[in-house]
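[1] Sequence first, predicted model second:
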Amino acid sequence: MSEKQSKKSQQLLLQIAKSIHRTSNLERIWQQTARDLGSGLGASRCIIYSYQDENRPLKVVAEYQQQALPSMLGWEVRLEECPEIGRAIATLEPVLVDTTLPQENGDRYSTLIVPTAYEDRPNGAIVLYHQVHKSRIHREHCPLLWREAEIELVQDVAKQAGSAIASATLYHQLQEARQQAQEAARLKHDFLGKISHEFRTPLNHIIGFLQLILDDMVDDTEEQREFIHEAHHSALHFLHMINDVLDFNKPKTIPILELELTPINLHKLLQNIERCAFNQIESKQLTFKITQPSNSRNIFLQGNEKQLLQVMLNLVGNAIKFTHQGGITIEAETLTHKVLNDEGDHPNRVEIRISDTGIGVPLEYQSRLFEPFFRVHEAYTSPYPGTGLGLSLSKKIIEGMGGEIHFYSMGEGLGSTVTVNLPLAAPCLSSKSSPEISPSLNLHSTPIREERR
């Protein structure tokens, strides 16, 4: 290499090193490296692949190209599809190869592949192309148009780029960790504010009613019993909220569902839901209807009976809480799938839908309903009590049983539907049973109190 060429290479290396070490923006590092290196060496094209690990595809994140060439930005390729790049990344050594690009009418290129790395950990690859002159196309082998000095220059640039990429990646990871810590602190602050408000309400009720009794402010035994009943009801509500918080705060490494999964009879489950929810529905003068397969006594779900009933009562309780007119409908049906090399359909899951005619949920909030502590209504001003953990816990429990839970609403004021999908414990006798409306439940859109007289 002449002294003039050596000085030019040093200037190019210094220019690229300065530009990429002045920023922590990964996109800018990639693009400046591709542009300065490609134009400085007079390459037909220079592209940079980002690399994370062998299981993920490499992606073209920056490019320099002559105007007549089509863009490759955004292309993805797996290591097994491009063994030359794989060899360069595996050995951390440059690779020279004769390349034909079909998208460019079969033009041939002398291609140089140099990996970028930091502390022997690859994080990308620089690929430079020199187009072969037409007069040499028909030769048996494409000449390797890269001089040794140019290869050394690209290796030096790759070292600088690898270091800059690693620093920028670490910076972004630290920024992301900082944001996550700030978000966690904010959630903790919001949670403490909300939970303290929610805890005070039942505690004040308990203290208030007991204080009235201690101060002899009751007229007779019946009123005293009523006050004790109200205090007891508030104490149970308080206990329920504490259990929610304790369940949610179990370490993620210890599954919330350290439960024995056993067959659960669908008919019995629906009966228990009806029995437990009846008083709440009756007190609000709502209608209540359950539709189930005619052979529901022979249908068994796979799960934990206690936890599943808790989830279903939580979902029905939400439906009751947010419904002021109309009613609640529970529908259960088996879902079928086709089995290969077999005739007919076989049920393998059960879907339970809980629908209400309540206040609904605006569309923009529905994607966040299963987030911990999220509430559509602010805790301080909401007329609806709760910790914002019920749906999050329900999702954990249902998924722990191998099921799915989803929420649907057409919007505010248009009611809502929650679907719970669970696996069957054993094949059903028939997958096309006609639905049965429980005779003990309301059938005619009249208040359940009238139906029960």
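    Alright, I've got the coordinates.
[2] If we ignore the residues flanking it in sequence, what's nearest Asn123?
    Closest residue to Asn123 apart from its sequence neighbours, by CB to CB, 6 or more residues apart in numbering: Ile165 at 5.0 Å. Using the backbone N, CA and C atoms, a C-beta is placed for each residue, glycine as well.
[3] Check the gap between the one you found and Val361 for me.
    Separation of Ile165 from Val361 (CB to CB, to the nearest Å) stands at 43 Å.
[4] Which one's more surrounded, those two?
    Set side by side, Ile165 and Val361 show more neighbours around Ile165, with 25 against 22, by other CB atoms under 10 Å.
[5] ok, the closest residue to Gly413 other than its chain neighbours to His324 distance?
    With sequence-adjacent residues excluded and distances taken as CB to CB, 6+ apart, Gly413 is closest to Gly360, at 5.4 Å. Distance from Gly360 to His324, counting by CB to CB: 12 Å.
[6] Show me which of those two is the more surrounded one.
    Comparing Gly360 with His324 by neighbour count (other CB under 10 Å), the higher total belongs to Gly360, at 20 against 12.
[7] How is the residue nearest to Gly413 assigned, secondary-structure-wise?
    What DSSP: H, G, I helix; E, B strand; the rest coil gives for Gly360 is coil.
[8] give me every residue that touches it.
    409-416 (CB atoms under 8 Å, 6 or more residues apart in numbering).
[9] give me the element Glu152 is part of.
    Secondary-structure assignment from DSSP states H and E places Glu152 in helix 148-214.
[10] what packs against that helix?
    On a contact count with 3 or more CB pairs under 8 Å, 6 or more residues apart in numbering; DSSP states H and E, helix 148-214 meets helix 3-21, helix 26-40, strand 107-118, strand 121-131, helix 221-248.
[11] Report the distance from it to the chain centre.
    Remark: helix 148-214 is offset 17 Å from the chain centroid, using CA atoms, centre = their mean, to the nearest Å.
[12] could you give the angle of it to helix 26-40?
    Put simply, helix 148-214 runs at 170 degrees to helix 26-40, going by axes from the mean of the first three to the mean of the last three CA atoms, to 10 degrees.
[13] now the angle between helix 3-21 and helix 148-214, please.
    For helix 148-214 against helix 3-21, the angle by the same axes, to 10 degrees is 10 degrees.
[14] pLDDT (mean, whole number) over helix 148-214?
    Helix 148-214 carries an average pLDDT of 86.
[15] tell me the angle it makes with helix 221-248.
    For helix 148-214 against helix 221-248, the angle by the same axes, to 10 degrees is 170 degrees.
[16] picking up where we left off before, top of the contacts of Gly360 by neighbour count?
    Counting neighbours by other CB under 10 Å, the top entry in the contacts of Gly360 is Ser416, with 23 neighbours.
[17] how close does that residue get to Glu223?
    Using CB to CB, Ser416 is found at 39 Å from Glu223.
[18] Going by neighbour count, which residues in stretch 80-99 are buried?
    Within stretch 80-99, the residues scored as buried using 16 or more other CB atoms under 10 Å are 82, 84-86, 88-89, 92, 94-95, 97, 99.
[19] Just the strands from the stretch 351-453 of the chain, written as ranges.
    In the stretch 351-453 of the chain, the segments counted as strands under DSSP state E, counting those that start in this stretch are 404-408, 416-423, 435-437.
[20] winner for burial among the ones you listed?
    When neighbours are counted by mean count of other CB atoms under 10 Å, the highest per-stretch mean among the strands of the stretch 351-453 of the chain falls to strand 416-423, a mean of 19.
[21] then it to PDB, C-alphas only?
    Presented in PDB, the C-alpha positions along strand 416-423 are these (Å, rounded to 0.1, in the frame of the first residue of the first chain):
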ATOM      1  CA  SER A 416     -69.900  -7.300  28.000                       C
ATOM      2  CA  THR A 417     -69.100 -11.000  27.600                       C
ATOM      3  CA  VAL A 418     -66.300 -13.000  29.300                       C
ATOM      4  CA  THR A 419     -65.400 -16.400  27.800                       C
ATOM      5  CA  VAL A 420     -63.600 -19.100  29.700                       C
ATOM      6  CA  ASN A 421     -62.300 -22.000  27.600                       C
ATOM      7  CA  LEU A 422     -61.100 -25.100  29.400                       C
ATOM      8  CA  PRO A 423     -60.100 -28.700  28.400                       C
END
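[22] Each with direction, which strands does that strand pair with?
    Sheet pairing of strand 416-423 (DSSP bridges) gives strand 345-356 (antiparallel), strand 404-408 (antiparallel).
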